[in-house]
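> Give me a model of this one.
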Amino acid sequence: APMAQVGSDISVETNKRLAEHIARFRNDPLGFVMFCWPWGQAGSKLASKTGPEPWQEELLTRLGEHCKLNADLRDIGLDYQVWRSAVASGHGVGKSAIVAWLVYWLMSTRPDCRGVVTANTGAQLETKTWPELAKWHDMAINKHWFTWTASAFFFAQYPEEKRKNY
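The predicted structure follows:
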């Protein structure tokens, strides 16, 4: 997992402990989401929230079970199973939030993670998905690990030539 960022107010030792703790969530996206953001904390944007919506919690739990299964399959030399999921619903139920959490979880628990975030339209990506990632990035316990821009999200300590991985 990532380490200290130059110029961060957080010590190297604190970052090391944070990285070790977050690494425990490699196969536990729900645990990561509950740890990473200030659910129920007075004064935070999530003061009135106790955690994900029930459907989000269920999806995160199932994904965690899938990751644990794949870890077991890897350990015995078998092929991974592919994760497939689709959510069809109305506006404002938290689809973009769960995408942001998953991006953050993958980036935080898998060194050299590479991904592409897409949406049905460019406008949807620019006005819904990417701003949602910015919102959750701003509240994350490990936000100092990453740099968010209008078109990229990457580990802040990576040299320019390695940022393509994120």
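> use CA for all of it now, contacts and neighbours both
Fine.
> H144: neighbour count?
By other C-alpha atoms under 10 Å, 21 other residues sit near H144.
> got it, and I98?
Neighbour count for I98, taken as other C-alpha under 10 Å: 22.
> just how off-centre is whichever helix or strand it is part of within its chain?
Assigned by DSSP states H and E, I98 falls within helix 95-109. Remark: helix 95-109 is offset 3 Å from the chain centroid, using C-alpha atoms, centre = their mean, to the nearest Å.
> in the next helix or strand along the chain from it, what's buried?
Note on helix 95-109: by DSSP H and E, the next helix or strand toward the C-terminus is helix 122-124. For helix 122-124, the neighbour count (16 or more other C-alpha atoms under 10 Å) marks no residue as buried.
> and helix 122-124, what does it pack onto?
Here helix 122-124 touches no other helix or strand, going by 3 or more C-alpha pairs under 8 Å, 6 or more residues apart in numbering; DSSP states H and E.
> right, and the helix or strand after it?
Taking DSSP H and E, what comes next after helix 122-124 is helix 130-139.
> Return the alpha-carbon coordinates of that following helix using CSV.
Extracted in CSV, the C-alpha atoms of helix 130-139 (Å, rounded to 0.1, in the frame of the first residue of the first chain):
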residue,chain,number,x,y,z
TRP,A,130,-15.9,12.1,-11.7
PRO,A,131,-17.3,14.8,-9.3
GLU,A,132,-18.5,12.0,-7.0
LEU,A,133,-15.0,10.6,-6.8
ALA,A,134,-13.8,14.1,-5.9
LYS,A,135,-16.4,14.3,-3.2
TRP,A,136,-15.3,11.0,-1.6
HIS,A,137,-11.6,11.8,-2.1
ASP,A,138,-12.0,15.0,-0.1
MET,A,139,-13.4,13.0,2.9
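> Would you pull up how far that helix lies from the middle of the chain?
That offset, for helix 130-139, works out to 10 Å (C-alpha atoms, centre = their mean).
> Can you list the buried residues in it?
Going by neighbour count (16+ other C-alpha under 10 Å), the buried part of helix 130-139 is W130, P131, E132, L133, A134, W136, H137.
> Contacts for it, please.
Residues from elsewhere that reach helix 130-139 (C-alpha atoms under 8 Å, 6 or more residues apart in numbering): W37, P38, S96, A97, V99, A100, W101, Y104, K143, W148, A150.
> for the protein, which helix is longest?
Longest helix in the chain, counting residues (DSSP state H): helix 54-75.
> angle of that helix against helix 95-109?
For helix 54-75 against helix 95-109, the angle by axes from the mean of the first three to the mean of the last three C-alpha atoms, to 10 degrees is 30 degrees.
> buried set for helix 54-75?
Buried-residue list, helix 54-75, by 16+ other C-alpha under 10 Å: Q56, E57, L59, L60, T61, R62, L63, G64, H66, C67, N70.
> Perfect, I'm done here.
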